[in-house]
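Colleague: Have a look; sequence and predicted model below, questions after that.
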Amino acid sequence: MRNLSWRPILTQIGVGCPVSLDADPDQKEQRRLAAGQDLLDGKRQADIAEGYGATRTTAHRWAHTVGTEGLDGLKSTRTNAGRPPKLDAENKQRLAELLQRGAQAHGWDTDLWTRKRVAQLIDRAFDVDYSPRHCSRILHEIGFRPVKPKRVANEKDEAEKQRWLAEEAGELKKT
């Protein structure tokens, strides 16, 4: 194995080695460009792959791209890939405000938010149709977390419990 004296460049450009799959797209691009520059400087593809935490296939693909398109070929061409969201950040903020008012303020009998109710509220307020399952993701994005309700008996009466403990519980003790 060769001594790879060029590895510290990863730390200098703030990319880190290896770059994880969920890394920031800018970090991935920085890594590709640094690797491309090393390819132009004559480094071997196998060394590039090892040094940048990539596969040899990826290093070969980078080398081919640099050879045909130059370093610009390694730059990211996709910006904001994917379908645009139906609710933008402003509408999500408004949704959070609507949820803070409580479910009863929007016509439900109880003040409990369910995913189905949130989906109905989004449909009413924004004319956007989301599945209840997807509403979980939106709720998570805007800072809401699911909470299991505490179980309390409907018949629970704290005053009656204290009276029973004071008056009748003593009679049940063994003597």
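Modeller: The structure has been received and is ready for your questions. Numbering: from 1, shown residues only.
Colleague: so residue 134 is in which element?
Modeller: Assigned by DSSP states H and E, residue 134 belongs to helix 132-141.
Colleague: Contacts made by that helix with the rest, please.
Modeller: Applying CB atoms under 8 Å, 6 or more residues apart in numbering, the external contacts of helix 132-141 come out as 87, 92, 95, 99, 114-116, 118-119, 122, 130, 145-146. Every residue, glycine included, has its C-beta placed from N, CA and C.
Colleague: Among the residues you listed, the buried ones, what's the PyMOL command?
Modeller: Only the buried entries of the contacts of helix 132-141 go into this PyMOL selection, using 16 or more other CB atoms under 10 Å:
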select buried, resi 87+92+95+99+115+118+119+122+130
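Colleague: Select the longest helix from the protein.
Modeller: Scanning the chain for the longest helix, with DSSP state H as the assignment, gives helix 25-40.
Colleague: which one of the contacts of helix 132-141 is nearest residue 80?
Modeller: Nearest to residue 80 out of those is residue 87 (CB to CB; 15.6 Å).
Colleague: My guess is that closest one contacts residue 122. True?
Modeller: Yes: if you go by CB atoms under 8 Å, residue 87 and residue 122 touch, sitting 7.2 Å apart.
Colleague: Noted, bye for now.
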